[in-house]
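Undergrad: Could you look at this predicted model? Sequence included:
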Amino acid sequence: MPTTEVASFPAVQGNETDQTVVIGNDKYPLGVVKDIFAADEHYILYTCPKDQLWLVCDSTLNKLGTEFNLLWTQVQQVNALPMLNAKAVKRSILASLATAVTCAIEEDFVTAKISVEQARTILQDASQRTAKSRYMLATSTTGIIFATGGMYLFSHFMEAADATSHALFRLITASITGGSIGALLSAMAPRAHGGTFEPFSTPATAFTDGMLRIIYGVITAFVVTLAVETGIVTSSLVTSDKTALSLLLVAVVGGFLERWAIDIIRNGYPTEKETP
(Lines give C-alpha, C1' and ligand atoms only; values in the text may rest on other atoms or scores of the structure.)
Protein backbone atom coordinates (compact mmCIF):
# COMPACT_ATOMS: atom_id res chain seq x y z
CA MET A 1 0.00 0.00 0.00
CA PRO A 2 1.49 3.37 -1.01
CA THR A 3 2.13 5.92 1.74
CA THR A 4 0.54 9.36 1.53
CA GLU A 5 2.46 12.27 3.03
CA VAL A 6 0.53 15.16 4.59
CA ALA A 7 1.78 18.46 5.95
CA SER A 8 0.06 18.48 9.37
CA PHE A 9 -1.92 16.37 11.79
CA PRO A 10 -5.26 18.07 10.98
CA ALA A 11 -4.68 17.27 7.30
CA VAL A 12 -4.78 13.53 7.90
CA GLN A 13 -7.78 11.77 6.34
CA GLY A 14 -9.64 8.88 7.93
CA ASN A 15 -9.94 6.92 4.69
CA GLU A 16 -8.03 3.76 5.66
CA THR A 17 -4.88 4.68 3.76
CA ASP A 18 -1.27 4.57 4.95
CA GLN A 19 -0.29 8.13 5.86
CA THR A 20 2.76 9.95 7.20
CA VAL A 21 2.81 13.45 8.65
CA VAL A 22 5.81 15.50 7.53
CA ILE A 23 6.49 18.68 9.52
CA GLY A 24 9.78 20.30 8.54
CA ASN A 25 12.49 17.69 8.95
CA ASP A 26 10.34 15.48 11.21
CA LYS A 27 8.30 12.55 9.97
CA TYR A 28 5.52 10.87 11.93
CA PRO A 29 4.41 7.58 10.31
CA LEU A 30 0.82 6.81 11.27
CA GLY A 31 0.19 3.61 9.37
CA VAL A 32 -3.33 2.94 8.11
CA VAL A 33 -5.78 5.47 9.55
CA LYS A 34 -9.39 4.34 9.92
CA ASP A 35 -11.16 6.92 12.11
CA ILE A 36 -9.89 10.21 13.54
CA PHE A 37 -11.17 11.24 16.96
CA ALA A 38 -9.02 14.31 17.65
CA ALA A 39 -6.32 16.24 15.83
CA ASP A 40 -4.58 19.59 16.21
CA GLU A 41 -1.21 21.02 15.29
CA HIS A 42 0.61 18.98 17.96
CA TYR A 43 -1.05 15.55 17.98
CA ILE A 44 -3.55 13.18 16.41
CA LEU A 45 -5.70 10.53 18.03
CA TYR A 46 -7.00 7.87 15.65
CA THR A 47 -7.81 4.19 15.23
CA CYS A 48 -6.24 1.62 12.96
CA PRO A 49 -8.35 -0.96 11.03
CA LYS A 50 -8.30 -3.19 14.15
CA ASP A 51 -10.04 -0.38 16.13
CA GLN A 52 -7.03 0.19 18.38
CA LEU A 53 -6.51 3.77 19.54
CA TRP A 54 -3.21 5.39 18.62
CA LEU A 55 -1.80 8.72 19.79
CA VAL A 56 1.01 10.37 17.86
CA CYS A 57 2.49 13.63 19.17
CA ASP A 58 5.19 16.03 18.03
CA SER A 59 8.11 17.09 20.20
CA THR A 60 5.93 19.63 22.04
CA LEU A 61 3.84 16.88 23.66
CA ASN A 62 6.47 14.16 23.57
CA LYS A 63 6.65 14.02 27.38
CA LEU A 64 3.19 14.29 28.92
CA GLY A 65 4.06 13.15 32.44
CA THR A 66 3.51 10.16 34.67
CA GLU A 67 -0.17 10.82 35.38
CA PHE A 68 -0.94 10.89 31.67
CA ASN A 69 0.97 7.66 31.13
CA LEU A 70 -1.11 5.97 33.84
CA LEU A 71 -4.31 7.22 32.22
CA TRP A 72 -3.13 6.06 28.80
CA THR A 73 -2.49 2.60 30.27
CA GLN A 74 -6.08 2.45 31.55
CA VAL A 75 -7.35 3.50 28.12
CA GLN A 76 -5.35 0.74 26.45
CA GLN A 77 -6.62 -1.83 28.96
CA VAL A 78 -10.23 -1.03 28.10
CA ASN A 79 -9.43 -0.82 24.38
CA ALA A 80 -7.84 -4.27 24.53
CA LEU A 81 -10.98 -5.93 25.95
CA PRO A 82 -12.91 -8.09 23.45
CA MET A 83 -15.64 -6.13 21.67
CA LEU A 84 -17.15 -9.15 19.93
CA ASN A 85 -20.35 -8.80 21.95
CA ALA A 86 -20.48 -5.00 21.80
CA LYS A 87 -20.21 -4.22 18.10
CA ALA A 88 -23.33 -2.03 18.18
CA VAL A 89 -21.78 0.36 20.72
CA LYS A 90 -18.14 0.11 19.65
CA ARG A 91 -18.15 3.66 18.31
CA SER A 92 -19.47 5.00 21.64
CA ILE A 93 -16.79 3.10 23.56
CA LEU A 94 -14.00 4.46 21.38
CA ALA A 95 -15.46 7.97 21.60
CA SER A 96 -15.44 7.82 25.42
CA LEU A 97 -11.83 6.61 25.42
CA ALA A 98 -10.85 9.37 23.00
CA THR A 99 -12.53 11.92 25.27
CA ALA A 100 -10.48 10.56 28.17
CA VAL A 101 -7.23 10.99 26.23
CA THR A 102 -7.99 14.52 25.05
CA CYS A 103 -9.00 15.55 28.57
CA ALA A 104 -5.77 14.08 29.92
CA ILE A 105 -3.75 16.04 27.38
CA GLU A 106 -5.48 19.15 28.73
CA GLU A 107 -4.57 17.90 32.25
CA ASP A 108 -8.21 17.38 33.20
CA PHE A 109 -7.60 13.97 34.72
CA VAL A 110 -10.83 13.88 36.74
CA THR A 111 -12.96 14.01 33.60
CA ALA A 112 -10.54 11.66 31.86
CA LYS A 113 -10.97 8.95 34.50
CA ILE A 114 -14.75 9.34 34.41
CA SER A 115 -14.69 8.86 30.62
CA VAL A 116 -12.59 5.69 30.94
CA GLU A 117 -15.04 4.20 33.44
CA GLN A 118 -17.95 5.23 31.22
CA ALA A 119 -16.38 3.37 28.30
CA ARG A 120 -15.80 0.30 30.49
CA THR A 121 -19.43 0.36 31.68
CA ILE A 122 -20.83 0.70 28.16
CA LEU A 123 -18.69 -2.22 27.01
CA GLN A 124 -19.61 -4.53 29.88
CA ASP A 125 -23.34 -3.73 29.80
CA ALA A 126 -23.62 -4.23 26.04
CA SER A 127 -21.55 -7.41 26.15
CA GLN A 128 -23.69 -8.85 28.96
CA ARG A 129 -26.89 -8.13 27.04
CA THR A 130 -25.53 -9.89 23.96
CA ALA A 131 -24.25 -12.84 25.99
CA LYS A 132 -27.63 -13.16 27.72
CA SER A 133 -29.50 -13.10 24.40
CA ARG A 134 -27.31 -15.86 22.97
CA TYR A 135 -27.61 -17.90 26.14
CA MET A 136 -31.39 -17.62 26.24
CA LEU A 137 -31.61 -18.45 22.52
CA ALA A 138 -29.57 -21.61 23.04
CA THR A 139 -31.55 -22.58 26.14
CA SER A 140 -34.91 -22.00 24.46
CA THR A 141 -33.97 -23.81 21.25
CA THR A 142 -32.52 -26.82 23.09
CA GLY A 143 -35.44 -26.91 25.52
CA ILE A 144 -38.03 -26.89 22.74
CA ILE A 145 -36.21 -29.62 20.79
CA PHE A 146 -35.80 -31.83 23.87
CA ALA A 147 -39.39 -31.26 25.02
CA THR A 148 -40.86 -31.99 21.58
CA GLY A 149 -38.81 -35.15 21.09
CA GLY A 150 -39.43 -36.33 24.65
CA MET A 151 -43.17 -35.72 24.39
CA TYR A 152 -43.37 -37.72 21.18
CA LEU A 153 -41.59 -40.69 22.77
CA PHE A 154 -43.41 -40.32 26.09
CA SER A 155 -46.82 -40.53 24.43
CA HIS A 156 -45.93 -43.93 22.94
CA PHE A 157 -45.21 -45.44 26.36
CA MET A 158 -48.13 -44.08 28.37
CA GLU A 159 -50.11 -47.28 27.85
CA ALA A 160 -47.19 -49.66 28.45
CA ALA A 161 -46.44 -48.85 32.09
CA ASP A 162 -46.83 -52.46 33.28
CA ALA A 163 -43.74 -53.76 31.54
CA THR A 164 -40.62 -52.96 33.54
CA SER A 165 -38.54 -52.01 30.52
CA HIS A 166 -41.34 -49.87 29.14
CA ALA A 167 -41.92 -48.25 32.54
CA LEU A 168 -38.24 -47.36 32.76
CA PHE A 169 -38.27 -45.92 29.26
CA ARG A 170 -41.40 -43.93 30.10
CA LEU A 171 -39.57 -42.57 33.15
CA ILE A 172 -36.64 -41.50 30.98
CA THR A 173 -38.83 -39.86 28.34
CA ALA A 174 -40.86 -38.11 31.06
CA SER A 175 -37.59 -36.76 32.48
CA ILE A 176 -36.51 -35.50 29.06
CA THR A 177 -39.85 -33.83 28.43
CA GLY A 178 -40.56 -32.41 31.87
CA GLY A 179 -36.91 -31.72 32.71
CA SER A 180 -36.37 -29.62 29.59
CA ILE A 181 -39.60 -27.68 30.22
CA GLY A 182 -38.70 -27.15 33.88
CA ALA A 183 -35.14 -26.04 33.04
CA LEU A 184 -36.50 -23.63 30.44
CA LEU A 185 -38.90 -22.16 33.00
CA SER A 186 -36.01 -21.92 35.45
CA ALA A 187 -33.89 -20.05 32.93
CA MET A 188 -36.70 -17.58 32.20
CA ALA A 189 -37.58 -17.00 35.85
CA PRO A 190 -35.61 -14.14 37.47
CA ARG A 191 -33.33 -14.94 40.37
CA ALA A 192 -33.59 -13.09 43.67
CA HIS A 193 -29.99 -11.87 43.36
CA GLY A 194 -30.34 -10.84 39.70
CA GLY A 195 -27.80 -13.01 37.89
CA THR A 196 -25.02 -12.03 35.55
CA PHE A 197 -23.54 -13.39 32.34
CA GLU A 198 -19.91 -13.55 31.28
CA PRO A 199 -19.66 -10.40 29.11
CA PHE A 200 -16.73 -11.57 27.00
CA SER A 201 -17.90 -15.11 26.27
CA THR A 202 -17.78 -16.34 22.69
CA PRO A 203 -20.96 -17.40 20.86
CA ALA A 204 -19.87 -21.05 21.15
CA THR A 205 -19.52 -20.71 24.94
CA ALA A 206 -22.93 -19.07 25.31
CA PHE A 207 -24.65 -21.78 23.26
CA THR A 208 -22.81 -24.56 25.10
CA ASP A 209 -23.84 -23.15 28.49
CA GLY A 210 -27.44 -22.89 27.33
CA MET A 211 -27.55 -26.50 26.16
CA LEU A 212 -25.88 -27.73 29.33
CA ARG A 213 -28.56 -26.07 31.44
CA ILE A 214 -31.25 -28.11 29.70
CA ILE A 215 -29.20 -31.27 30.20
CA TYR A 216 -28.85 -30.44 33.91
CA GLY A 217 -32.62 -30.05 34.06
CA VAL A 218 -33.17 -33.46 32.46
CA ILE A 219 -30.77 -35.08 34.94
CA THR A 220 -32.39 -33.49 38.01
CA ALA A 221 -35.83 -34.38 36.65
CA PHE A 222 -34.76 -38.01 36.26
CA VAL A 223 -33.46 -38.13 39.84
CA VAL A 224 -36.68 -36.64 41.24
CA THR A 225 -39.03 -38.83 39.19
CA LEU A 226 -36.99 -41.93 40.02
CA ALA A 227 -37.18 -41.07 43.72
CA VAL A 228 -40.94 -40.67 43.47
CA GLU A 229 -41.47 -43.84 41.43
CA THR A 230 -39.44 -45.97 43.84
CA GLY A 231 -41.23 -44.54 46.87
CA ILE A 232 -38.18 -42.85 48.38
CA VAL A 233 -40.09 -39.58 48.19
CA THR A 234 -43.84 -39.60 48.78
CA SER A 235 -46.34 -36.97 47.78
CA SER A 236 -50.11 -36.57 47.68
CA LEU A 237 -49.69 -35.78 44.00
CA VAL A 238 -48.41 -39.27 43.27
CA THR A 239 -50.84 -42.00 44.37
CA SER A 240 -51.41 -45.59 43.38
CA ASP A 241 -53.77 -44.49 40.62
CA LYS A 242 -51.47 -41.76 39.38
CA THR A 243 -51.70 -40.76 35.76
CA ALA A 244 -48.96 -40.20 33.22
CA LEU A 245 -49.54 -36.45 33.46
CA SER A 246 -48.79 -36.58 37.19
CA LEU A 247 -45.42 -38.15 36.42
CA LEU A 248 -44.80 -35.49 33.80
CA LEU A 249 -45.63 -32.75 36.30
CA VAL A 250 -43.14 -34.23 38.78
CA ALA A 251 -40.51 -34.17 36.03
CA VAL A 252 -41.24 -30.49 35.32
CA VAL A 253 -40.72 -29.67 39.00
CA GLY A 254 -37.51 -31.70 38.98
CA GLY A 255 -36.25 -29.83 35.93
CA PHE A 256 -37.00 -26.50 37.57
CA LEU A 257 -34.92 -27.55 40.58
CA GLU A 258 -31.75 -27.56 38.44
CA ARG A 259 -31.10 -23.96 39.49
CA TRP A 260 -30.48 -25.20 43.04
CA ALA A 261 -28.92 -28.57 42.22
CA ILE A 262 -25.31 -27.35 42.23
CA ASP A 263 -25.80 -25.47 45.50
CA ILE A 264 -27.37 -28.56 47.09
CA ILE A 265 -24.46 -30.73 45.98
CA ARG A 266 -21.92 -28.23 47.29
CA ASN A 267 -23.68 -27.88 50.63
CA GLY A 268 -23.88 -31.63 50.94
CA TYR A 269 -20.13 -31.94 51.36
CA PRO A 270 -18.66 -30.83 54.70
CA THR A 271 -16.18 -28.03 54.37
CA GLU A 272 -12.71 -28.59 55.70
CA LYS A 273 -11.98 -26.74 58.89
CA GLU A 274 -9.15 -24.31 58.69
CA THR A 275 -6.15 -25.23 60.75
CA PRO A 276 -5.29 -22.68 63.41
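TA: Thanks, I have it.
Undergrad: Now the terminal residues of stretch 27-46, how far apart.
TA: End-to-end distance for stretch 27-46, by CA to CA, to the nearest Å: 17 Å.
Undergrad: So which residues make contact with that stretch?
TA: 1, 3, 8-10, 12-22, 47-49, 51, 53-58, 60-61, 94-95, 98, 101-102, 105 (CB atoms under 8 Å, 6 or more residues apart in numbering). C-beta: built from backbone N, CA, C; applies to glycine.
Undergrad: Buried ones among those residues?
TA: Buried members of those, scored by 16 or more other CB atoms under 10 Å, are 9, 12, 17, 19, 21, 47, 53, 55-58, 94-95, 98, 101-102, 105.
Undergrad: hey, where'd the helices end up in the stretch 1-150 of the chain?
TA: In the stretch 1-150 of the chain, helices defined by DSSP state H, counting those that start in this stretch lie at 66-79, 90-105, 109-155, listed in chain order.
Undergrad: mean confidence for stretch 223-238?
TA: Across stretch 223-238, pLDDT averages out at 74.
Undergrad: would you list the helices of the stretch 1-150 of the chain in a markdown table and tack on mean pLDDT?
TA: Listed next are the helices of the stretch 1-150 of the chain as a markdown table, based on pLDDT from 0 to 100:
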| stretch | mean pLDDT |
| --- | --- |
| helix 66-79 | 91 |
| helix 90-105 | 93 |
| helix 109-155 | 89 |
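Undergrad: Let me know which of those is tucked in deepest.
TA: helix 90-105 (a mean of 20; mean count of other CB atoms under 10 Å).
Undergrad: still on that earlier bit, okay, and which of the contacts of stretch 27-46 map to strands?
TA: With DSSP state E as the criterion, strands contain 3, 17-22, 47, 53-57 from among these.
Undergrad: can you list those residues in TSV and add distance to Arg213 and pLDDT?
TA: Output for these, formatted as TSV (distance: CB to CB, whole Å; pLDDT from 0 to 100):
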residue	distance to Arg213	pLDDT
Thr3	53	83
Thr17	48	87
Asp18	48	91
Gln19	50	90
Thr20	54	91
Val21	54	91
Val22	59	91
Thr47	38	92
Leu53	38	92
Trp54	42	92
Leu55	44	91
Val56	48	89
Cys57	51	86
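Undergrad: so which two of the residues you listed are the farthest from each other?
TA: Farthest apart among the ones in strands among the contacts of stretch 27-46 by CB to CB are Val22 and Leu53. That separation is 22.7 Å.
Undergrad: Show me where the stretch 151-276 of the chain has its strands.
TA: Using DSSP state E, counting those that start in this stretch, the stretch 151-276 of the chain contains no strands.
Undergrad: domain ranges for this protein?
TA: What automatic domain parsing lists as the domains of the chain is 3-125, 132-268.
Undergrad: and Pro203, how many residues sit next to it?
TA: Using other CB atoms under 10 Å, Pro203 is surrounded by 14 other residues.
Undergrad: Please name the nearest non-neighbouring residue to Glu229.
TA: Leu171 (6.1 Å; CB to CB, 6 or more residues apart in numbering).
Undergrad: quick one: the one you found from Val110, how far?
TA: Distance of Leu171 to Val110, given as CB to CB, to the nearest Å: 65 Å.
Undergrad: re the thing from before, Throw the helices of the stretch 1-150 of the chain into JSON lines and include distance to Phe207, thanks.
TA: What follows is the helices of the stretch 1-150 of the chain, written out as JSON lines (distance: least, CB to CB, whole Å):
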{"stretch": "helix 66-79", "distance to Phe207": "27"}
{"stretch": "helix 90-105", "distance to Phe207": "23"}
{"stretch": "helix 109-155", "distance to Phe207": "4"}
